[in-house]
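Visitor: Here is my input, please return the structure:
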Amino acid sequence: MFSMDEEVEDAEEEEAQPILNQEALLINAKGFFNANKEKIGESAKKSNRVVKIDFQDLVEHSPELADNLISKPEDTLQILELALEDSGIVHNPRVRMENLSEADEIGIRNIRAKHLGMMISIEGIVRQASEVRPQVVNAKFECPSCGTIISVLQIDKKFREPMFLWSARRF
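Guide: Numbers count the residues shown, from 1 in each chain. Here you go, the predicted model:
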């Protein structure tokens, strides 16, 4: 039978584990960047603040860090960027991965809900590209009689205008 104190201790140990894990990952990441300073510096010079990292080099240096990158990419990329900034090689870096293992490559038709939040690799051909068009989120209108500015949120795809004028109080 467990007492309340033992349950609290177990919960505290479980909470402390992820913190230690993040600290260990940060130390591993700093070690990786120190070991690969020359490659990282060249990559940073080519693409300004974007640093491309060879995933296979990361696997060789720290399999734990590589596994964490696959299972929790957002958190691990933040740790890598923090470690890179702390190393002083690049200011405000953005980390991009190259050369992911073929085991992590998934066919587009095979992507499922279990892949949500994970880093996967896909291969494909871009058949069409179009320019990015701006989307109106909030439109401001000025009343012609009094000059009052009315803000209208644009939630739907159809452009919405104000329903009435404030100065005239007409609908």
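
Visitor: Any idea what E105 is bridged to?
Guide: E105 forms beta bridges with S121, as assigned by DSSP bridges.

Visitor: so it touches S121, yeah?
Guide: Yes - E105 is within contact range of S121, at 4.3 Å (criterion: CB atoms under 8 Å). C-beta coordinates here come from the backbone N, C-alpha and C atoms, glycine included.

Visitor: if you count what's nearby, which of these two comes out ahead?
Guide: S121 (15 against 11; other CB atoms under 10 Å).

Visitor: wait, what's in contact with the more buried one?
Guide: 100-102, 104-106 (CB atoms under 8 Å, 6 or more residues apart in numbering).

Visitor: ok, now with 10 Å
Guide: 55, 70, 97, 99-106 (CB atoms under 10 Å, 6 or more residues apart in numbering).

Visitor: Can you give me the separation between it and R112?
Guide: Using CB to CB, to the nearest Å, S121 is found at 15 Å from R112.

Visitor: Show me where this structure has its helices.
Guide: 4-35, 37-46, 55-61, 63-71, 73-87 (DSSP state H).

Visitor: Flag every buried residue along the third one.
Guide: Right, helix 55-61. 55, 57-59, 61 (16 or more other CB atoms under 10 Å).

Visitor: Which residue comes closest to the most centrally placed residue in the chain once chain neighbours are left out?
Guide: The centre of the chain sits closest to E74, judged by CA atoms, centre = their mean, with a distance of 4.8 Å. Excluding its sequence neighbours, the residue lying closest to E74 (CB to CB, 6 or more residues apart in numbering) is G117, at 7.7 Å.

Visitor: domains for this protein, by residue range?
Guide: For the chain, automatic domain parsing gives the domain ranges 4-115, 134-171.

Visitor: looking at those, which is buried most?
Guide: domain 4-115 (a mean of 14; mean count of other CB atoms under 10 Å).

Visitor: circling back to that earlier point, looking at it, the residue nearest to E74 is touching K72, isn't it?
Guide: Yes - applying CB atoms under 10 Å, one finds G117 in contact with K72, separated by 7.4 Å.
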